[in-house]
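# A predicted structure for the sequence below; I have some questions about it.
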Amino acid sequence: MLAAVKIDISRLQGIPLFAGVPEAQLAQIAHMMFGRRVPRNKTIVHAGDLTGSLYVIVRGSAKVMNRDLEGNEVILTLLGAGECFGEMGLIDGSPRSADVVANEECELLEISKSDFKRALAENVELGLNIMKSLVLRLREANRKIESLALMDVYGRVAKLLLDLSEKEGALRVIRRKITKQDMAKMVGASREMVSRVMKDLEASGYLSVESGRIVLHED
């Protein structure tokens, strides 16, 4: 639900969208924003809805989903803390292009279309950050299309695991919560096939599940 609470600018300073934005401008943007908490599996926006706001994930994660012609769900990407969604529709005025569903309980910041456009007009850095975000999304989409076209399921699962992992000391760890069903929807395969690949990778020593996290072994 929406909560008209004051947003401290320190919460914005670590978010890539607001990198380089002067404190005075951040204070104005913070004043425009609302806090929102969303429970797990709740749809935050629906495909086809009019785009009225931009959202920033402060805590938790969300999946961007669509459906193919047969009605099967396809996960386009996973978004985590610090990432935003809704910016494309605010720029071109088009309806939402996909559903965004909370993958776990999420804490979001929301800014309306009119307030965001005003902030964008007043700050060059914010505009540059939006362009960087869109370029990263385009590159990610290109990589996904390439992997779907050129790799088998083993390769696509391995690439997805690497893409989701983060460096943690000498290890690569997947912190985000992701089910095998969701992985299947991301790589265009069945859940059973993904489970088989994961078991093979674990048996071969390429990964292990430790304290609920997936740890990738590079050697």
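On my side now, so go ahead. Residues are numbered from 1 along each chain as shown.

# for the rest of this, base every contact and every neighbour count on C-alpha atoms.
Noted.

# so what's the most centrally placed residue in the chain up against?
Nearest residue to the geometric centre of the chain (CA atoms, centre = their mean): Leu79, 1.2 Å. Neighbouring residues of Leu79 by CA atoms under 8 Å, 6 or more residues apart in numbering: 57, 61-64.

# quick one: secondary structure of Leu17?
helix (DSSP: H, G, I helix; E, B strand; the rest coil).

# report pLDDT for the residue nearest to the centre of the chain.
You'll see Leu79 listed with a pLDDT of 94.

# same question for Asn72.
Looking at Asn72, its pLDDT is 82.

# now it: how far from Arg196?
Using CA to CA, to the nearest Å, one gets 21 Å for the distance from Asn72 to Arg196.

# any idea how far the residue nearest to the centre of the chain is from Ser112?
Distance, Leu79 to Ser112, by CA to CA: 20 Å.

# Val135 too?
Look at Val135 and Ser112: by CA to CA, they are 23 Å apart.

# neighbour-wise, which of those two wins?
Taking other CA atoms under 10 Å, Val135 and Ser112 do not tie; Ser112 has more neighbours (17 against 12).

# who has more neighbours out of Asn72 and Arg196?
Neighbours around Asn72 and Arg196, counted as other CA under 10 Å, are more numerous at Arg196. The numbers are 13 against 9.

# got the buried residues for the helix or strand containing that one?
Secondary structure from DSSP states H and E places Arg196 in helix 191-203. By neighbour count with 16 or more other CA atoms under 10 Å, helix 191-203 contains the buried residues 191, 194, 197-198, 201-202.

# let's have the residues you listed in JSON lines, adding distance to Met32.
JSON lines is the format used below for the buried residues of helix 191-203 (distance: CA to CA, whole Å):
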{"residue": "Arg191", "distance to Met32": "42"}
{"residue": "Val194", "distance to Met32": "43"}
{"residue": "Val197", "distance to Met32": "47"}
{"residue": "Met198", "distance to Met32": "45"}
{"residue": "Leu201", "distance to Met32": "47"}
{"residue": "Glu202", "distance to Met32": "48"}
